[in-house]
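Asks: Mind folding the following:
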Amino acid sequence: QVQLREFGGGMVQAGGSLRLSCAATGRIIGRYGLGWLRQAPGKEREFVAGIRWTDGTTEYTDSVKGRFKISRDITSRAVYLDMNMLKAEDTAVYYCGQADSLTTDWQAYNSWGQGTQVTVSS
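Replies: Here you go, the predicted model:
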């Protein structure tokens, strides 16, 4: 089982940038999808970005395409989310999760970390 822990949240002004990191421990199978999801107050958790561990194939939700980039470092067993041109609507708790395959279905992800707060002020 994969254990995940997120780092790097904070407060930033609209238009700014942040990098989130996710440290993974445990066995990571090549086909696994590692993803970032977020939940804003009063809203359902949603998929943001995902990456297939073995070949780096990525998926993004439409609202972050061109602004966010997900990447992974196999050696350090980490997944990153580089967030640029941040908007107020990106404010949420961001979670790192693992799915049995790369998918945009947030419900397929589990092994959540504790989450990290991202606040974007307008």
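Asks: Every contact and neighbour count from this point should use C-alpha atoms.
Replies: Will do.
Asks: Poorly predicted segments of the chain, please.
Replies: Along the chain, segments meeting pLDDT under 70 are nowhere present.
Asks: Which residue is the nearest non-sequential neighbour of the most centrally placed residue in it?
Replies: The centroid of the chain falls nearest to Trp36 when counting by CA atoms, centre = their mean (1.9 Å). Leaving out its chain neighbours, the residue that sits closest to Trp36 by CA to CA, 6 or more residues apart in numbering is Cys96, at 4.7 Å.
Asks: And Gly26, by the same measure?
Replies: Per CA to CA, 6+ apart, closest to Gly26 is Val2, 4.6 Å.
Asks: What separation is there between that neighbour and Val118?
Replies: Separation of Val2 from Val118 (CA to CA, to the nearest Å): 24 Å.
Asks: Between those two, tell me which one has more neighbours.
Replies: Val118 (22 against 15; other CA atoms under 10 Å).
Asks: What's opposite that one in the beta bridge?
Replies: Gly10, Ala92 (DSSP bridges).
Asks: just Ala49 next, same as before
Replies: Going by DSSP bridges, Ala49 forms beta bridges with Trp36, Tyr60.
Asks: unless I'm mixing things up, Thr91 is touching Met83, no?
Replies: No. The criterion here is CA atoms under 8 Å, and Thr91 misses it with Met83 at 11.6 Å.
Asks: picking that back up, how much space is there between the residue nearest to Gly26 and Gly56?
Replies: Val2 is 18 Å from Gly56, by CA to CA.
Asks: Also Gly66?
Replies: 17 Å.
Asks: same question, Leu20
Replies: 17 Å.
Asks: now the residue nearest to Trp36, what's its secondary structure?
Replies: What DSSP: H, G, I helix; E, B strand; the rest coil gives for Cys96 is strand.
Asks: so where do the strands sit in this protein?
Replies: 3-7, 10-13, 18-25, 33-39, 46-52, 58-60, 68-73, 78-83, 92-99, 116-121 (DSSP state E).
Asks: Please work out which residues outside stretch 49-56 touch it.
Replies: Stretch 49-56 is contacted by residues 28-37, 57-61, 69-72, 74, 101-104 when judged by CA atoms under 8 Å, 6 or more residues apart in numbering.
Asks: That's all I had, so thanks and see you.
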